[in-house]
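Chemist: fold the following, please.
(2 chains)
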2 protein chains.
Amino acid sequence: MAEKVDQLTETVQLLSDLLQSGQDSEFIESFESLHDFEMAQVYAELPQQFRDVAWRLLSDDILATVFDNIDVDDVDIVPLLQEMPPQRGARVLDAMYTDNEADLLQKMPARLVATYLSLMSKVSAEEVRQLINYDHQTAGSLMSTEYIAVEGDLRVDEAMHLVKKQALEAELISYVYVLDHQKLIGVISLRDLLTNPDDLSVADITNERIISVKAGDDQEDVAQIVADYNFLSIPVTDDNDRLLGVITVDDIVDVIGEEAIEDYSGLAAVNVSQINDSPWHSAVKRIPWLIALLVLGMATATLISSYDDLVRRAAILAAFISLITGTAGNAGTQALALAVRRIAVGNDDSGWKNFLSEFIAGLIVGIATGVSVFSIVAIWKQNVVLGLAVGIAMTIAIIVANLAGYLIPVLIDKLGFDPAVASGPFITTLSDLTSVLIYFNVAQLFISHFIS
Amino acid sequence: MAEKVDQLTETVQLLSDLLQSGQDSEFIESFESLHDFEMAQVYAELPQQFRDVAWRLLSDDILATVFDNIDVDDVDIVPLLQEMPPQRGARVLDAMYTDNEADLLQKMPARLVATYLSLMSKVSAEEVRQLINYDHQTAGSLMSTEYIAVEGDLRVDEAMHLVKKQALEAELISYVYVLDHQKLIGVISLRDLLTNPDDLSVADITNERIISVKAGDDQEDVAQIVADYNFLSIPVTDDNDRLLGVITVDDIVDVIGEEAIEDYSGLAAVNVSQINDSPWHSAVKRIPWLIALLVLGMATATLISSYDDLVRRAAILAAFISLITGTAGNAGTQALALAVRRIAVGNDDSGWKNFLSEFIAGLIVGIATGVSVFSIVAIWKQNVVLGLAVGIAMTIAIIVANLAGYLIPVLIDKLGFDPAVASGPFITTLSDLTSVLIYFNVAQLFISHFIS
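Modeler: Residues are numbered from 1 along each chain as shown, chains lettered A, B, ... in the order given. Got it, this is the predicted structure:
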């Protein structure tokens, strides 16, 4: 990776030098020979005085490619666009793919959006105006309107002619959509167009079993379909089967990455996408979680302090508090992770069966762990009764934590929220409370037998 | 999702009925009209007596598509192939894409692999023999050898002619690789071939800035490149730049999903890909982790019991054990998740800077949380000294847990292992030990001031 960063720095230096020494055409040539992703990286990294020359030298299409490939989550993209006069910025927006254009506009204040929309071509402005209305994380927010479509009954060579005409504009040329008055009625693969005789009717190679999604569908579900079917893109239709746009696999790759980060963040109670924050910002984002959990933890502390007498009589009980809360918390985290995953893959259709299955698993885990801890404590402390108390408490605490780990994400999901927010630390802190309650109550039953 | 399952059951029923009633040609037609992924699902779900008829009716190519699309991690694929005579199975293997073929062969016992290889065509057997030697999770294990390649200086129309000839065999037709004696010297996009004049030399539209990977490269790094560059496939070369194969984006989508599951599993100390296990199997897989952590937890219990006297003198101390261990564990988990993520995106190039940055963040988090807990305890227990003891212990425990959460995955990575194995529960259990040690030592300093 260090190698890659060096390479980027080197390219930026090289291109800056070309501009510095006035070798404009060499700059254009070098810049355009870069891969799209590299162009975007280099453009964002150029010192501003050179960027001010660069956008004057580069074409609208090249600048559109630059802005299409800038990662709006990593780079502050709006100021980059504002370095150009609004008219020029609008032309660049016009030339961008509509999905990326919508992402960029959504980063702007409303006033600025209005300015750019008024300066853009009417068609392009209208298309993007519709896209920015779709909710975040839906199919609509991912789709672009640059696809290849044909209407009517054509021969292969006629269709190929239309494909060639649309190929430069389209985001992906692998599929050709067949429309009947805007209604999506079939899909042809470019491969079939290329490998079939010119005079064949396209109807013979049109697949009418269309797999499509609706604009309001959750992006995670869309990603699952694309992953299952190995598609390069998937059409988005409205309720009347009219083609609204397509989602390409590169956006699906990003979605899968994002969703994974979300789930992972939830389990750790920290947003891991913000790894480049300053220590101050990073801390400020972690503290609210910790304080919230701390308050919940105070409940456990209060509970323990109410067993003050018990602890005074048998100080040895204190030794096992963290063992029981820790182990039950671990078991709860396991159940939580499995439940979140099960929901994510849409495997939650037989709720009762899953519940029973998780309950039995928790029972087995609880008993196995309880027996282990009983053996260890009985031998180590030479005290069978203390071992029994800790072992029984451990078994019950694990069964409860396990059920909580399973039920909480399921409930959150049923309420219509993302179960990934049921963070691991939340479950462990909550299970601390129940574990302590169980532990001291069990200990109370046994105490007369094990204090000396 | 339930809807999807119903649809599958319905299709399986329909196709079974067709075979039952001897409508063979209707069966073939219906089956072939399915999407590739659906064919695979349906084939695996057909009752065996119907599958025995189905493979007799279907062509090698269709069966190859079926086996190409069966998810080898979900379905027991080898017995399905063995339902056919070995000669037929070998013909199906011949017709599959080499990457999937290699995956399938790797699921077989060695004896069976030898049988099939001996029955396959020599060329195909040789290709796949090379692929099955690549290590799991490397670029080599993902690549297929079905790509479109041209040699020599051609005109656009000549290249298109070659593309059409190879299009049916290739896994993806979007890129054409330009070779010079097997050496990869450039890439042409199909889009450029389609949109440029027939008599242009392909040299003019060949991109010579090739982004490729080596067969031994880690699949996670390959996925990152494909995601960054928005590629549909990426070439794999050997040390002499000879083209070995290509990795297509559908495999990258799977890799990103798999890696996410691995990281998530690590954080929860449970393998979440096994969500369909029976309760017994599920429990058996969770128990070893819990017992291992239990043993580590026993060290903490032992440590606490060595402060027996202290607890006897101030039973209130017991109340804050779980608060301090819990909160420090949460902070450690946050640091761990961030560190694992930072390593995953290859952001670990400036080790010292990251260390300092994480240390400062931990310091801020520790102080903020320590001050909060001090205030709460001082007010609640009306005991400023106890508040001070708990607050100071909390601050130090968080700083230590935070550093451990950061350092452990970094060390694991430096040792060449996947930092995702540094599970959250391991960090929290370890930090229980240090937190308790810190807590009782700090308490000891203050004890004479707060016991009544």
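
Chemist: name the SS class of residue A:150, please.
Modeler: strand (DSSP: H, G, I helix; E, B strand; the rest coil).

Chemist: for residue A:179, that is, sorry about that
Modeler: The three-state label given to residue A:179 by three-state DSSP is strand.

Chemist: now do the contacts for it.
Modeler: A:149-151, A:185, A:243 (CB atoms under 8 Å, 6 or more residues apart in numbering or on different chains). Every residue, glycine included, has its C-beta placed from N, CA and C.

Chemist: and those, which are buried?
Modeler: Using 16 or more other CB atoms under 10 Å in any protein chain shown as the burial test, these include A:149-150, A:243 as buried.

Chemist: could I get those residues as CSV with pLDDT and distance to chain B?
Modeler: Output for those, formatted as CSV (pLDDT from 0 to 100; distance: CB to the nearest CB, whole Å):
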residue, pLDDT, distance to chain B
A:149, 94, 16
A:150, 93, 15
A:243, 95, 18
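
Chemist: want to throw the residues you listed into TSV with distance to residue A:160?
Modeler: Listed next are the buried ones among the contacts of residue A:179 as TSV, based on distance: CB to CB, whole Å:
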residue	distance to residue A:160
A:149	14
A:150	10
A:243	20
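
Chemist: let me know the closest of the residues you listed to residue B:239.
Modeler: The shortest approach to residue B:239 among those belongs to residue A:149, at 45.1 Å (CB to CB).

Chemist: ok, that closest one touching residue A:175?
Modeler: No: look at residue A:149 against residue A:175 with CB atoms under 8 Å: they stay out of range, at 9.8 Å.

Chemist: contacts for stretch A:22-29?
Modeler: Residues contacting stretch A:22-29 (CB under 8 Å, 6+ apart): A:15, A:18-19, A:53-54, A:57-58.

Chemist: domain parsing of chain A, as residue ranges.
Modeler: Listed by automatic domain parsing, the domain ranges of chain A are A:2-136, A:148-247, A:272-450.

Chemist: and the end-to-end length of the shortest one?
Modeler: This points to domain A:148-247. Terminal residues of domain A:148-247 lie 13 Å apart, using CA to CA, to the nearest Å.

Chemist: mean confidence score for stretch A:245-260?
Modeler: Throughout stretch A:245-260, pLDDT has a mean value of 92.

Chemist: ok, it near chain B or not?
Modeler: Yes: using CB under 8 Å from any CB of the partner chain, stretch A:245-260 comes into contact with chain B via A:249-250, A:252-254, A:256-257, A:259-260.

Chemist: so which residues of the stretch 201-350 of chain A form strands?
Modeler: Under the criterion DSSP state E, counting those that start in this stretch, the stretch 201-350 of chain A carries strands at the ranges A:213-214, A:233-237, A:243-248.

Chemist: could you dump those strands into CSV with distance to residue A:356 added?
Modeler: Below are the strands of the stretch 201-350 of chain A laid out as CSV (distance: least, CB to CB, whole Å):
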stretch, distance to residue A:356
strand A:213-214, 33
strand A:233-237, 36
strand A:243-248, 38
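
Chemist: which one, of the ones you listed, ends up nearest to residue B:208?
Modeler: strand A:243-248 (25.7 Å).

Chemist: my guess is residue A:287 contacts residue B:371, does it?
Modeler: No: the criterion here is CB under 8 Å, and residue A:287 misses it with residue B:371 at 10.6 Å.

Chemist: excluding chain neighbours, what is closest to residue A:33?
Modeler: If the residues on either side of it in the chain are set aside, residue A:33 comes closest to residue B:209, at 6.2 Å by CB to CB, 6 or more residues apart in numbering or on different chains.

Chemist: now do residue A:37
Modeler: Residue A:37 sits nearest to residue B:229 (CB to CB, 6+ apart), 4.5 Å away.

Chemist: to what extent is the one you found buried, counted in neighbours?
Modeler: A total of 16 residues lie near residue B:229 under the criterion other CB atoms under 10 Å in any protein chain shown.

Chemist: kindly report the same for residue A:20.
Modeler: Residue A:20: 13 neighbours (other CB under 10 Å).

Chemist: which ones are touching residue A:419?
Modeler: By CB under 8 Å, 6+ apart, the neighbours of residue A:419 are A:339-340, A:343-344, A:409-410, A:412-413.

Chemist: against chain B, how distant is the nearest residue to it once chain neighbours are set aside?
Modeler: Spatial nearest neighbour of residue A:419, chain neighbours left out: residue A:409 (3.6 Å); criterion: CB to CB, 6+ apart. Note on residue A:409: its distance to chain B, by CB to the nearest CB, to the nearest Å, is 12 Å.

Chemist: fine, thanks again, bye for now.
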